[in-house]
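> Pasting the sequence and the predicted model now:
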Amino acid sequence: MMPVFLPDTLDAALDLLTRDPAACVMAGGTDLLVHLRATGDAPGPLVCLDRLRGLKGIKTDGDTVRIGAGVTMTELLASPVVRDFLPLLHRAAGVFASPTVRNMATIGGNLCTASPAGDTLPPLYVMNASVELRSPRGERTLPVDRFITGPRRTCLERDELVTAVTVPIPVDFDIHHFEKVGQRAAQAIAVVSLAALVALDGTTVHRARLAWGSVGPGIVRCSEAEELLEGQRLTLTNLRAAAAAVSNAVTPISDVRASADYRRQVAGNLLLRLAAL
Amino acid sequence: MKIRFQLNGQEQRLDVDGDLRALDVLREHCGVTGPKEGCGTGECGACAVWMDGVTRLSCLTLAAQLDGRDVTTAEGLATDGPHPVQAALAELGGVQCGYCTPGIVMTAAELLARDANPDRDAIRRAVSGNLCRCTGYHKIVDAVEEAAQTMRAAQEDK
Ligand SMILES: Cc1cc2nc3c(=O)[nH]c(=O)nc-3n(C[C@H](O)[C@H](O)[C@H](O)COP(=O)(O)OP(=O)(O)OC[C@H]3O[C@@H](n4cnc5c(N)ncnc54)[C@H](O)[C@@H]3O)c2cc1C
Ligand code: FES
Ligand code: FES
């Protein structure tokens, strides 16, 4: 039997993690409980964050948006701030699992699970988001691509919590594009996903930031494709050249959802959508 | 651990392991069998209940999390006779084996509490996390549409 604690302050939660090295954090439970059931593992006490008001809330100062780690996908979708300033994240939340899972799953849990298929991750990568962490030793902030260190690995310390993610509002971009390819419309884990921010100078690409999900051990940024697009118009020919670079750069695996070859092809093809936008 | 919560308007006081699934607490300890286990992993929606008015999966919720909450299951939705969604599902053939029905009812009733006039697409999206192996969904969507109409008409009569 695992004792379950429901601390209502951050300090109480950190105290519980400090006191018992086997303690395990639980937010929405949509990854953790599925994992515990599948493996039969029973860690130490569960420190459940769902009474922690301090991890809720979405705030903006006009330059960045700060999203509490306990914010659910449903809350992201309902937020006018996210809808208006972070459309990539809004779209990712909209295609995440099913409405009922969205009522439970948190953005902090999505970050800490650090799955290459995590839907919020490609948007957070292209927007250069940062992760705020707190432990009894104090606070630190890390760029999301440093926070996540590998498939299902982060640099989170045992007695540390993610408190928030801060996202600089992408101001100078003309195209905000997110697409997820799954096996079905609802309740699908991404087979391949793409988040793209493109700044145009007239009709030529001035700057492009691209990130793919589910095509490697982590989220894949492809600077080669970004550079191929910069200074070019978004024609199919130019996009095909960049798509070929992407297909070469990604290192997908074959699994129950799709083959590596399929993923490689689709990762490139998703770029071609930018021509229609 | 000792937990205390409202279940369909009645107070429950239990002494259970905190890491039991809420689904098992409701079914085994409270005798409320509306919520069903289809998958136990969040995929099917058969275990959906409302906690403080929000639809949650009781298979991925722990007993401890019930403490202090207001829980409603399909049994509790039926107050003065069946809820309009329940009535319409029965009437229009939106129920065959019935295993998915209590979950569908909770998700659809939550939608109608939020949106009095959803189109078919919105209804489909709302129940997209509820698997039904029998009906093919069309009649479920028909029923939710009909229930929305009934509820709007009742509202106008008031
Ligand atoms: C049916 C189903 C469908 C799904 N579909 C999708 C999908 O479409 N897209 C997708 O990206 N994911 C999907 N998932 C996976 C999961 O829902 C997400 O990864 C979700 O964001 C996890 O959040 P959570 O709050 O439930 O985390 P939990 O399961 O509570 O926790 C996950 C991990 O993060 C740690 N953790 C959580 N919060 C914190 C914190 N604040 N500080 C420190 N550690 C923390 C926990 O210790 C645990 O290791 C799905 C899951 C299910 C069951
Ligand atoms: S039993 Fe809970 S979602 Fe299937
Ligand atoms: S009626 Fe049998 S599963 Fe839906």
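Right, received. Where do you want to start? Ligands and ions are numbered 1, 2, ... in the order given.
> residues touching the residue nearest to the spatial centre of chain B, list them.
Taking C-alpha atoms, centre = their mean, the centroid of chain B lies closest to residue B:106, which sits 2.3 Å from it. Each residue near residue B:106 by C-beta atoms under 8 Å, 6 or more residues apart in numbering or on different chains is listed here: B:48-50, B:55, B:72-74, B:77. Bear in mind the C-beta positions are built from the backbone N, C-alpha and C, glycine included.
> where does residue A:253 land on pLDDT?
You'll see residue A:253 listed with a pLDDT of 86.
> which one is it nearest to, not counting chain neighbours?
Using C-beta to C-beta, 6 or more residues apart in numbering or on different chains and skipping the chain neighbours, the partner closest in space to residue A:253 is residue A:260 (5.8 Å).
> Near that neighbour, how many other residues are there?
Using other C-beta atoms under 10 Å in any protein chain shown, residue A:260 is surrounded by 14 other residues.
> before we move on, the earlier item: where does the residue nearest to the centre of chain B land on pLDDT?
98.
> how close does the closest residue to residue B:17 other than its chain neighbours get to residue B:1?
Of all residues not flanking residue B:17 in the chain, residue A:1 sits nearest, at 4.8 Å (C-beta to C-beta, 6+ apart). Taking C-beta to C-beta, to the nearest Å as the measure, residue A:1 falls 10 Å from residue B:1.
> returning to what we had before: could you list which of the contacts of residue B:106 belong to strands?
B:48-50, B:55, B:72 (DSSP state E).
> Closest to residue A:242 out of these?
For those, the residue nearest residue A:242 by C-beta to C-beta is residue B:55; the value is 41.9 Å.
> Could you list everything that closest one pairs with in the sheet?
According to DSSP bridges, the residues that bridge with residue B:55 are residue B:50.
> hang on, isn't it packed against residue B:110?
Yes: contact status for residue B:55 versus residue B:110: in contact at 4.8 Å, counting by C-beta atoms under 8 Å.
> what touches both of residue A:1 and residue B:1?
In contact with both residue A:1 and residue B:1: B:17-18, using C-beta under 8 Å, 6+ apart.
> Tally up the residues packed near residue A:172, please.
So residue A:172, with other C-beta under 10 Å, has 9 neighbours.
> and it, that's in a strand?
No: assignment of residue A:172 by DSSP: H, G, I helix; E, B strand; the rest coil gives coil, placing it outside any strand.
> give the contact list for the residue nearest to residue B:17.
Contacts of residue A:1 by C-beta under 8 Å, 6+ apart are A:42, B:17-19.
> What values do phi and psi take at residue A:181?
phi -110, psi 120 (degrees, to the nearest 10).
> That one touches residue A:269, doesn't it?
No: between residue A:181 and residue A:269 there is no contact under C-beta under 8 Å: 9.1 Å.
> For residue B:154, grab the count of nearby residues.
There are 10 residues near residue B:154, going by other C-beta under 10 Å.
> likewise the one 4 residues further on?
Each residue near residue B:158 was counted by other C-beta under 10 Å, and the total is 4.
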